[in-house]
Structure formats: structure tokens, C-alpha cells
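Asker: structure for the following, please:
(3 chains)
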Amino acid sequence: MIGTTPATYAPEAVRKRLQGKRFDAKGFAFSACLLAALLITVTLLAVLLYDVINGGWSVLTSRPIEFLTGSLSSAAADAGIGQGLRGTFFIAVFVILVAFPIGIGAAIYLEEYAPSTRLTRLIDVNIRNLAGVPSVVYGLLGFAIFVKALGSFTGPDANGRTVISAGLTLAILVLPIVIITSAEAIRAVPDSLREAGFGVGATRWEVIRSHVLPYAGPGILTGTVLALARALGEAAPLILVGATTGFLSGGDSYNLASLQGRFTAMPMVIYNWTGRPQPGFETATAAAIVVLLAVVLVANATAILLRNRYEKRR
Amino acid sequence: MAPRPGESGVLSVESLKGAPGRFRKESAIRRVFFAAAATSILISALIVLSLAGEAWTFVTQVDYSSLWTDGWFPRRGMYDVKTIFVGSILVTIVAMFVAGPLGMGAAVYLSEYAKPRLRRTLKPILEILAGIPSVVLGFFALTWISPEIVQRLNPESSLFNLMAAGIGVGILTTPLVASIAEDAMRSVPQALREASYGMGARKVTTSTKVVIPAAVSGLVAAFIIGISRAIGETMVVAIAAGATGGSLFNLNVFEPGQTMTAAMASMAAGTDAVKGAGLTFQSLFFVGLLLFLITLLLNVSAGRFVRRVRQRY
Amino acid sequence: MPPEARTKRPTAGSGIPASRANVARPVARRGGDPASSSPVFRLDDLSVYYGSFKAVRNVSMSIPQQQITAFIGPSGCGKTTLLRCLNRMNDLVDIARVEGKVLYHGVDLYDEQVNPVEVRRRIGMVFQKPNPFPKSIYDNITFGPKVAGVKGNLEEIVERSLRRAALWDEVKDRLKDSAMGLSGGQQQRLCIARALAVDPEVILMDEPCSALDPIATGRIEDLMEEIKTDYTIVIVTHNMQQAARVSDMCAFFTAEINEHSDTRTGILVEFDRTETMFSNPQDERTENYVTGRFG
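Answerer: Reported below is the predicted structural model:
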């Protein structure tokens, strides 16, 4: 306590004072609560994974090929996710081709070129807010723009309800995430590196291409992969742009002409099957979830590991 | 070696202009990147435009008495906005009861207590949880949370209920809250903690009396962003809360119900076009605009709080 | 110009500094008497602003060719700011703005038509902290020549630059290794080699030794002495002994406190031969500084 001076400095007395209270009950309770919060979260994740793997195991082991390549069906025993995988594949292609270049380009502009003007700040705030817009609202955007307004381009014979519309909608959905994560990676590049480049007479673009982008590369890659995983798992926008939920004739072809036809995608298949009362669909749904999680979580885990490795190296 | 201007005695403005081709390329590249950045403004404008037109039609043409009825049944011309609004609020409250303590607790533990090695293991697990698609959590809410948790707590509750949906949304929101809150905690300078330890304070005192108050703006921001995410979450509610066609006004979280997001999904799902009487199609956009404005408001205010922390340190 | 900024231009016939003999390192002095050669830079009433903040004001001076000119003075007196005006590095700061003129062989560097990229190729820079690119030693040297469109033999440029920077013997067997594996002193010499690779006329050095130990510092100082036969060097330094050891001309800056805004604006106090500055300064403030009574 303040104000108490030890009467003696004998070693025994000093040691006793330095030991303090043996057990800090309040501190222990506090940290136990915090750890519990963390462990509950982790446990829920484990239960979830166990629940779906356990549920879908029988389907995945008894008829793996038929399940992965088969078409939608009203009979759970025949139902497959081939068409869903196809849709998800094309969505990934659109996100990679549209959102990645535009997003990384925008990040480069904001971090490297943009003067600190009112317009730049407006764009910056705007992007942050766009990242917080619910995905279902992006679905409405996709519905109004790609399905209705541009339907003659995205799918004249399918009322615009095609994988082109879905892919573009999801590309727009993840664009702000790509921009924000890429901009963060670019911001982490030390200024001394840029100065070194400018100091030997390089132009802005030469400095960016040769020094900034290689340095920020792993960070940008991590952000884009996380964004891609997000796009592949989104279902709400797909409902709005009209992914097929029932039967789908065709829709399993990978040629380009088929892009303008009706489609479905993995999250839509799962959503649809979850709501089916027929027996057997619960296991089929669980199996489909295992496949989707495998795709999304492997992408995520790769990105996270990649980032952690590069963070450690710096 | 090139002749040095000082030696030859000739140097003009011309010779400091540089190669024109190189600099034309430079400005072309700059324009391309600017166009990319401007796309974000274009998207925002498109969102507002695509929502506002139909929403305006709805507001001007709807019979106002149909906005205050017994439930939300758009295909029958009953647009009781308070039903789905209250549904959203209920789900969000339940979700934040889950995500608030779990997310904040996890954040404080990771930032203040976890040894670096434990942190390196737990943080990626949280990030993996953040990557789980919402349809998957919807399925989990319906097939596990509802029977195993909600119906055990309250045997009266139906299989489809707002409680299970809320818990599912909460689990989905937890990693987001944890990540933002942890950022806020870690941005508190180490010197502040050392000052506290230097006076002989214990870890629990340092955490609760020094670090958390210093990071409080960021923690509030984490909570608000969590709310915004929970209100905007669609699939968990669409799957686990039932009430696909519409819903009566309902304050009981153990009963089926509908949120703004789920109402939008169910209007669009399963049919080739949005069908229904009168203004069903337009009501979809009206609800979308409402949702957009609510989340925008929440995100902007969260941004304020985040900036407040940044300015201080 | 304010009366206190008694900027002395070197006048003809002021003699070769006797102190050079103390360096005990005979060097070929192609430049000869600093006063006799035409100046590389002439600053004409130059002021630098960051937004509304005035960082440096009303500096006028001439920097001679193939000499080492040192900028000395206390922290926050605008030495680095001024140095960065000499190759337009300040352009990279959005809010930076200059008034007055920076004449490089008579051409105003801030002329609308002048391209800063071209300026920086001719006027190279070495920074406070060694900042090699996180690439191979070879790539560090060749980046400048490549972007400048040099078609010649890159291997030759690499060897010539590294030899000039007294680094060749240490790294010739590991040119493909990462530059990040070099020691701090080696990294800084690599940065000098990198600056030399684009064949500039002037090299600006912003406290190049502040992150180095005394031995590495000594090697950089030797190097500067050696290359000044071919290059004009302007160096900012906090270290007065360093200025006395290596420089031919010396400019002393100080900061005046602006009463209303509590900010500091740098001013040039005195500019003369290094020898004169250290043995017989004209201004009391210079004397206080060089004798260690202030700063």
C-alpha cells in the first residue's frame, strides 16, 4: 500500500512483500470469460463442420462421381451438383476478369496517383461504404441493370437471368473489398522504396510496376482470394438475378454460348435443397455444403497462410 | 559518358523535357487507373438510381393504409413495413447478444492475453469462420441450432423461428466484430499499458481500466458494423426463420417471422419474375432502398468512431 | 533578403583552402578553385511551403561544380527540404510548393516544361537510410539505366558503378544475391552505385551516414572524396566534423520561430568556404553552432 514503508529489509520480509497476493481471483475470472468467448466461437465452428461432414458423408462416399457431375433433380437419390459447380466456376471467372483488374487499378490510383483532394476523399469514403452495403441490395442492382436493362446482351433468350448477370453482379459486390485490401497492401510499401525509384529517374508507373506491385503482391493476392471466396459463397444476389432453383435442362455445358442460358450455382443449390421436404435432401444438402466449404475454405486458408508467411518475413 | 551540360556549356529547357513517348505512356496509364477508381462512384450512382426509381413509384402509388396492417403479404397487397422492420430488429438483437460478447471477448483475449503462438493459431480460425458462406450457416441454424439449442430452451418453439436465425446471424457476425475490435485494441499504444504496469497494476486492471477505455470508440464502431452486417444478412433468415410467403406481425422470437432481407429474397425466389398484385415488384425496391439507407447510416457513424481512435493515437 | 542572412558568394581569389592539406589524402582536383568554375545551381530567393506552412524562406546561393557542398544546421531548419528542391523530390509531397527560382545551369528546374523525372536522372540522390530495392544487387544497379532507355552493355555499367562506389570487390561474386543481405554500410554504397549508374552530374546526399557506424561512415566519406572529381555533391549532415572533413563549401542554416503559429522556418545564415566557416565565421550564430554552443 502507498505510504507503508517496510520496517525491515531482512531478505525474508522483502521476499514476502514481493510475492504479493497469491491468487488473483478477479483477474482469473476475467481471463477465463474471455477465453470462454473464444472457445465457444471455435467450438461452434467445429460443431458446424462436424454436423455437415457427418450429414453429407454417406452421399459423398456412396456416389461421389454421380453427385459431383449429376444434374438437379426432384429425387434426392439422383440429385447432383454438376450444374451448380459450373455456375460457380463461371462466376469465379467473371470476378477474376472484372473485379480484380478494376479493383487493383482503383487501389493503385487511390494510393499512388490521387492528389489529396475532396474528390479523392469522396471516392475513398464511398468505397468504404459500398463495402458495407448488404449483398441483397447488390442483387437488386444486378436485377435492375444486368437482368432488366442489359437483358438483351446478358441473355436474350433467358430474360437476362444468366450466369453473365450473376457474375457481373458478384464482381461489383466484391469490387470494394478488392479495392480496400489492395489499397492496404499498397499502403504498406515503405516510402523509401518509392523514393529510391524516383531518385534514379523512374516515372511513377515504372516505380509502381517494378517496385510497389512486387512488394505489395502477396498482400494484394491475399485480399483478392478472400474476395473471390466471398463471391463464391454469396446466395442472396443470385436469388435476385434469378438463378434457377428447380429443374435446369442443359446448364451443364462449359462452352461460351451456354453463358447466355439459364444457370444455377452452388449456394443456390444449397438454398433450394434446404427448403425441400422430400426425404434424403438433408443429406444431399450437407454433401453440397461440404463441397462448397471445401472450395471456399481452401481458398481462404491458402490466402491466410500466404499472408502470414509474408508478414513473418518482413 | 554523355556530355555534361556544365562542360559543354549548353543546357536548355528542351533537354529537361524527357522522351515524349515515355511520358505519353505515363499519362495514359494514369487515366486508366483513374477510370478504375471512378467506377466506384459509378456503382454507387447505379445503386441509388436502380433503387430510387421503382421505390419512388411505390411511395407515390401505394395506398398508405396498406403500409400499416396485420402483416407483410406483398402478393396480397399488404405492405406492413413494421412487420419486417421489427423482424429485422429482433434478429439483430439476438445476433448482437451472441456476436457482442463472443466477438468482444475474443478480441480482448487475442489482443491482451493470448501468447503470440496461441494468437497465431486462433486468429486464422476466426478468419476461416468469417469465410463460411451464409447459406451454410442458414442450414446449420435450421438443422442444428433450432432443434439442439432453441427447442431445448423453449420446447414450445417452432422449428422455423427468429431465435435460431438470430443466433446463426450472430455466429456469422462474430468474426467481423472480433476483427474490428481487435484492431482497435491493438492500436492502443504499448506505452499506455506499460505506464499502467509501471504503477503496479494487474493485467485485469490494465485491460479494463486503461486499454478498453482508450479503445472504446473502436469497440463501439465494431459493434455498429456488426449491427449493420446483421441487419443486412439475408440467407440465414431466409432459410431458418421460415415465413416464406409473408408474415403476420410478430414479436415472439420463438415463432417464424420475416426480416426486410428475407422478404426481398422470398419475393424474388422460385419464380421467373416477381409476380403478385399491384406493387409487389416496386415494394421489393422500396424495402431495398430502406435497407440501403439504414446500413449506410450505420456504416457512416461507425466510420466516425473509427476515425476518432485514429486521430487520438 | 533579410539583413541577417548574409549570404556570401565565393569571390575570386579567396585561395585554395589550406585545411585540405590536413586531409592527408592527395586527390586530383580537376575542379580547381571552387570560385572559378561556373555554378551548377543558383538558388534565387527560394522559399518552400508545405500548404500554408513556410518551411524555408528566401534562400539565395550558388553551388559550385565538382565540389562538395555541405548543408549544416540544427534539426528542423529546412536543410533536407531545400536539398529535395534541387531534384524536385518535393514534387512527391502533394502540398509542397516553391517560390523563387532554382537555376540548374541557368535553366529553371521549376519551369512548366521541365519534367521532374528527367531532372532526377541528371541529379541523383542518396537517402538518409540505405534503401536498396529488395532485389538482387545486379537489379538494383540496372533499374535506373533500364528505365532511362540505356541500350548499352548493362554488365559493364554494373561493374563500373560498383567499382566507382568501392563495392565491386566485396560483391562481384554474388551479384545475383539479394541486396538486403548486405551490411548497412554496403547497402549505402550500393545506393551510391545505383545513383552513379544513370550517369548523373550531381549527387544529392541526405545525411547518408546517419544510420551507419563510424567505420562505414569513414568509407563513405573516402568515397565522396574520390568521386567528386567527376560529380558535384551536395550533402546534408548533422555532423559538423563530417562537414569539416569532407566539404569544400559549407552553408549554415538555422530555424526562426514564427511567433503566431509556433512553427519554424528555415533560413540561410552563412555560406562560405568550409575552412572559413569553421575558422572565421562572419555570423555569431554560425560561430555558436560550429563551436558547439548551440544546436
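Asker: residue 221: neighbour count?
Answerer: No chain in the question, so chain A it is. Burial of A:Leu221 is recorded as 19 neighbouring residues (other Cβ atoms under 10 Å in any protein chain shown). To be clear about C-beta, it is placed using only N, CA and C from the backbone, and glycine gets the same treatment.
Asker: let me rephrase: I mean chain C.
Answerer: 18.
Asker: cool, and the one 4 residues further on?
Answerer: C:Glu225 sits with 16 neighbouring residues when counted by other Cβ under 10 Å.
Asker: I'd say it and C:Ser247 touch.
Answerer: No: C:Glu225 is not in contact with C:Ser247 according to Cβ atoms under 8 Å; the separation is 10.2 Å.
Asker: just the helices in chain B please.
Answerer: B:5-8, B:20-61, B:81-108, B:116-130, B:134-140, B:151-153, B:162-186, B:190-198, B:203-205, B:212-214, B:216-232, B:235-240, B:260-268, B:280-312 (DSSP state H).
Asker: residue numbers of chain C in contact with chain A?
Answerer: C:87, C:89, C:92, C:94-95, C:117-118, C:120-122, C:124-127, C:129, C:131-134, C:143-144, C:147-148, C:191, C:194-195, C:197-198 (Cβ under 8 Å from any Cβ of the partner chain).
Asker: just the buried subset of those, please.
Answerer: In terms of neighbour count (16 or more other Cβ atoms under 10 Å in any protein chain shown), the buried residues within the residues of chain C next to chain A are C:87, C:89, C:117-118, C:120-122, C:124-127, C:129, C:131-134, C:143-144, C:147-148, C:191, C:194-195, C:197-198.
Asker: which SS class is the residue nearest to C:Thr81 when sequence neighbours are not counted?
Answerer: When the adjacent residues along the chain are set aside, C:Thr81 lies closest to C:Ala55, with 4.7 Å between them (Cβ to Cβ, 6 or more residues apart in numbering or on different chains). Recorded secondary structure, C:Ala55: strand (DSSP: H, G, I helix; E, B strand; the rest coil).
Asker: then C:Arg42?
Answerer: Under three-state DSSP, C:Arg42 falls in the strand class.
Asker: would you mind measuring from the nearest residue to it once chain neighbours are set aside to C:Asp45?
Answerer: Once flanking residues are discounted, C:Arg42 sits nearest to C:Leu103: 4.3 Å by Cβ to Cβ, 6+ apart. Note on C:Leu103: its distance to C:Asp45, by Cβ to Cβ, to the nearest Å, is 11 Å.
Asker: neighbour count: those two, which is higher?
Answerer: Higher neighbour count among C:Leu103 and C:Asp45: C:Leu103, with 18 against 12, using other Cβ under 10 Å.
Asker: pretty sure that one belongs to a strand, no?
Answerer: Yes: counting by three-state DSSP, C:Leu103 falls inside a strand.
Asker: partner residues bridging it?
Answerer: Going by DSSP bridges, C:Leu103 is paired in beta bridges with C:Arg42, C:Asp108.
Asker: so it touches C:Phe41, yeah?
Answerer: Yes: if you go by Cβ under 8 Å, C:Leu103 and C:Phe41 touch, sitting 6.7 Å apart.
Asker: Provide a list of residues in contact with the residue nearest to the spatial centre of chain B.
Answerer: In chain B, the residue lying closest to the centroid (Cα atoms, centre = their mean) is B:Arg229, at 2.8 Å. Shown in contact with B:Arg229 (Cβ atoms under 8 Å, 6 or more residues apart in numbering or on different chains): A:132, B:172-173, B:176.
Asker: how about A:Thr120?
Answerer: Contacts of A:Thr120 by Cβ under 8 Å, 6+ apart are A:110, A:114.
Asker: can you list the weak-confidence ranges in chain A?
Answerer: A:1-7, A:21-22, A:244-253, A:255-257, A:312-314 (pLDDT under 70).
Asker: tell me which parts of it are close to chain C?
Answerer: By Cβ under 8 Å from any Cβ, the residues of chain A that approach chain C are A:115-116, A:190, A:192-203, A:206, A:210-211, A:215.
Asker: out of the residues you listed, which are inside helices?
Answerer: Going by DSSP H, the helices hold A:192-199, A:206, A:215 from these.
Asker: hmm, B:Ile239 is touching B:Phe140, no?
Answerer: No: assessed by Cβ under 8 Å, B:Ile239 is found out of contact with B:Phe140, at 9.4 Å.
Asker: hmm, back to that, out of the residues of chain A next to chain C, which end up buried?
Answerer: Buried residues within these, counting neighbours by 16+ other Cβ under 10 Å: A:193-203, A:206, A:210-211, A:215.
Asker: am I right that C:Ser47 is in a helix?
Answerer: No: applying three-state DSSP, one finds C:Ser47 to be strand, outside a helix.
Asker: who's in contact with it?
Answerer: C:Ser47 touches C:54, C:56-59, C:98-100, counting by Cβ under 8 Å, 6+ apart.
Asker: go with 10 Å
Answerer: C:54-59, C:78, C:97-100, C:265-266 (Cβ atoms under 10 Å, 6 or more residues apart in numbering or on different chains).
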